[in-house]
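Student: Sharing a model prediction with you, sequence too.
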Amino acid sequence: MLEASGQMLTEIAWPLALALAWLAGELGYRWLRLPRISSYGIVGFAMAESQGGFLPDPSGTPIALLADIAFALILFELGYRINLKWLRTNPWLGVTSVVEAGGTFAAVFFIARGFDVSLVPSLLLASLCMSTSPAAILRVANEIHGSGQVTERTLHLSAFSCVLAVITFKAIIGYWVLANAGSLFHALWSSVAVILVSVGLGVLFGVMLPGILRSIRRPVNNTTVAFTVAVLLLTAITHAFNFSPLLAALTFGIVARHRRVVLSQAQRNFGTLGDLLTILLFVFVAATLDWKDVVVGTQLAITVVVIRMLVKVSATTLFARISGISFRKGVFTGLAMTPVSVFAILLMEQTRYLKLDVLDEVAGVFAIVLILEVLGPLMTQWALVWAGETPRNED
């Protein structure tokens, strides 16, 4: 009887967790003004098997692929909102991105080494912390209808930092492969080839799909299904061949925008499917964490989170005036860039096939993810509200 009950609970574990996460998200948003995605993370962590809950570790399961798909949809939408012409008219935006990402990498690396973390894990941790989670920023901005200079700069800087983080992360993996296997070919394939092929697939999809839609005369205001299917296919291909679905989806969105394909406001978030997959994504991230690892790494995590935030705020504030905004908005832009957790976990998941588990030895990674899973979206929400770029009275 107990065995049958356990089997039944296993079968309904994820649907039940998603239902409870959705409910917690709605109640948390209405009662506490807590971003819904923060509540999703709290539920995922509390219900994980490692915390005594009923939700098994999703790492390496089909749930991980669904999480990749969810993140790819978000990255496609982020890529679609990126205006590369802005970099040409305001190159200081690119300088800001390079300085804040590079400064974050250096600061986190030296902090990790100060905590006696070995070389390669320190480099990987530093590269992960360069990024700002576009999933959290985009969902929070859409949820509270954020719009304005701080919102757009934060979205653009998060996209740029993600690209820089992926390139750095893959380069470090290539170094690790070369140092351990001694194979230059495998090192280049694990780094340079992965980046180039992933970007190339994104460009290919971004060129082909708009052409197909025009050839069949598909109305531009009714392309949601086509782009959703394309992102699903792109993610499946890159996942199967161990490329980067993150880079591919972001590139796909950027190219689609510059191919003059229009997404209406109603198509943002990819509708109900996007909302459902977002719940799964944030529950998935938190469910991969173990409270024992979180507790052990708290001191390193708090230090990294604080220094990372200070570096990003300093960089965005330093270049605020010269890039066309006030110092005040520069500070809010840096604060809005706090989230990182989703991007870090999915990037780590993609290294499993290399058996590169050195980051698992750094307990601080898990504490950083948990802290920024909950507090990161909240900081983004506060920053956009303080910047005056969102209605204060949301239902």
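Tutor: Thanks, I have it.

Student: which residue ranges form the helices in the stretch 251-395 of the chain?
Tutor: Ranges of helices in the stretch 251-395 of the chain, per DSSP state H, counting those that start in this stretch, are 271-287, 291-296, 298-318, 327-336, 341-349, 364-386.

Student: Quick check: chain neighbours aside, which residue is closest to residue 329?
Tutor: What sits nearest to residue 329 in space, not counting adjacent residues and going by Cβ to Cβ, 6 or more residues apart in numbering, is residue 150, at 5.3 Å. Placement of C-beta: from N, CA and C, glycine included.

Student: and the one you found, how many residues sit next to it?
Tutor: 29 (other Cβ atoms under 10 Å).

Student: Could you tell me which ranges of the stretch 51-200 of the chain sit under the pLDDT cut-off?
Tutor: Along the stretch 51-200 of the chain, the parts satisfying pLDDT under 70 run over 181-185, 190.

Student: about what we covered before: the helix or strand containing the residue nearest to residue 329 vs helix 327-336, what angle?
Tutor: Using DSSP states H and E, residue 150 sits within helix 149-181. Orientation of helix 149-181 against helix 327-336 (axes from the mean of the first three to the mean of the last three Cα atoms, to 10 degrees) gives an angle of 40 degrees.

Student: how much does helix 149-181 deviate in direction from helix 298-318?
Tutor: Angle of helix 149-181 versus helix 298-318, following the same axes, to 10 degrees, is 130 degrees.

Student: buried ones in helix 149-181?
Tutor: 149-178 (16 or more other Cβ atoms under 10 Å).

Student: do stretch 112-132 as well
Tutor: Result for stretch 112-132 [16+ other Cβ under 10 Å]: buried residues 112, 115, 117, 120-132.

Student: for stretch 288-307, same thing?
Tutor: In stretch 288-307, counting by 16+ other Cβ under 10 Å, buried: 288-291, 293-294, 297-298, 300-301, 303-305, 307.

Student: And for stretch 334-345?
Tutor: Here stretch 334-345 shows 334, 335, 336, 337, 338, 339, 340, 341, 342, 343, 344, 345 as buried, counting by 16+ other Cβ under 10 Å.

Student: can you pull the contacts of the second one?
Tutor: By that I understand residue 335. Residues near residue 335 by Cβ atoms under 8 Å, 6 or more residues apart in numbering: 309, 313, 379, 380, 382, 383.

Student: secondary structure element for the closest residue to residue 166 other than its chain neighbours?
Tutor: Nearest residue to residue 166, sequence neighbours excluded (Cβ to Cβ, 6+ apart): residue 247, at 5.5 Å. Remark: residue 247 resides in helix 245-258, with elements defined by DSSP H and E.
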